[in-house]
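Participant: Take a look and give me a structure for this.
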Amino acid sequence: MQLRALAGGGAPLLGEPLPLELGNATYAARGLPLDGLTTPAHLGAWLRDVRPRLSFRLTDAQLLSCTNEDLAAARDLRDCIRALADAAVRGTRPLASTVAALNAHVRAAGRWRELSWHTEPAVIEKSNIQGVRRALGEIAAQAVDLFGGPDRQQIRACPAPGCVLYFLRQHARREWCSATCGNRMRAARHYDRIRATRPAR
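Facilitator: Numbers count the residues shown, from 1 in each chain. So this is what the prediction gives:
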């Protein structure tokens, strides 16, 4: 099988930080909850689509060899991220078990930084884990930075009915996860105003 032949699970990619993108691999369509990561192939396709945003080269062979264990790790990490995003939106403290699970994902990546000095000094990210697990570890590390830093205050849950996506509110006017949700809500408000002004029959 070729990499481009991998059909994604349909999980939306909205340009959010990678942890929120993974969290949003649980989404809704027409009010029905959907899971964008139900098979190893879905995980491979999702990672293929976010691959340019990773700090290392994830090969086609690594993506095509996603296992059920990789899928279980990705789904567990996704659940941690969604629980942490929910706590951030509500302004509550997450369960200690959620925090511990996220930290376990970060430790599993076995990452460290080394100094390289050929012609100029450079810092190189190293890992004793490769492929899909390294990618998940990187996303987990980004989640630590996201939920442990000031951006946590800007995480929002999309208020559109039936939508279950999270986004990072990077400008004051942003209200929705996507233009689609915003347009749908504006159309619904417009319809409600028109209906309210019609005389009763």
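Participant: If we go by neighbour counts, what in the helix ranked longest in the chain is buried?
Facilitator: Longest helix of the chain, by residue count under DSSP state H: helix 68-90. Buried residues in helix 68-90, defined by neighbour count with 16 or more other Cβ atoms under 10 Å: 70-71, 73-75, 77-78, 80-88. For every residue, glycine as well, the C-beta is placed using N, CA and C.
Participant: Repeat that for stretch 46-55.
Facilitator: Neighbour-count burial for stretch 46-55 [16+ other Cβ under 10 Å]: Trp46, Leu47, Arg48, Arg51.
Participant: Likewise for stretch 53-66?
Facilitator: Result for stretch 53-66 [16+ other Cβ under 10 Å]: buried residues Leu58, Gln62, Leu63, Leu64, Cys66.
Participant: Who are the contact partners of Glu16?
Facilitator: Counting by Cβ atoms under 8 Å, 6 or more residues apart in numbering, Glu16 touches Asn24, Tyr166, Phe167, Leu168.
Participant: re earlier: Provide the contact partners of the very next helix or strand once past the longest helix of the chain at residue level.
Facilitator: Per DSSP states H and E, helix 68-90 leads on to helix 96-108 as the next helix or strand towards the C-terminus. With Cβ under 8 Å, 6+ apart as the test, helix 96-108 has contacts from 73, 76-77, 80-81, 83-84, 87, 129, 133, 136-137, 140-141, 143-144, 147.
Participant: switch to 10 Å and redo it
Facilitator: For helix 96-108, the surrounding residues in contact (Cβ atoms under 10 Å, 6 or more residues apart in numbering) are 19, 73-74, 76-77, 79-84, 86-87, 93-95, 129, 133-134, 136-144, 147-148.
Participant: For this protein, name the helix or strand with the lowest mean pLDDT.
Facilitator: helix 179-197 (a mean of 74; mean pLDDT, DSSP states H and E).
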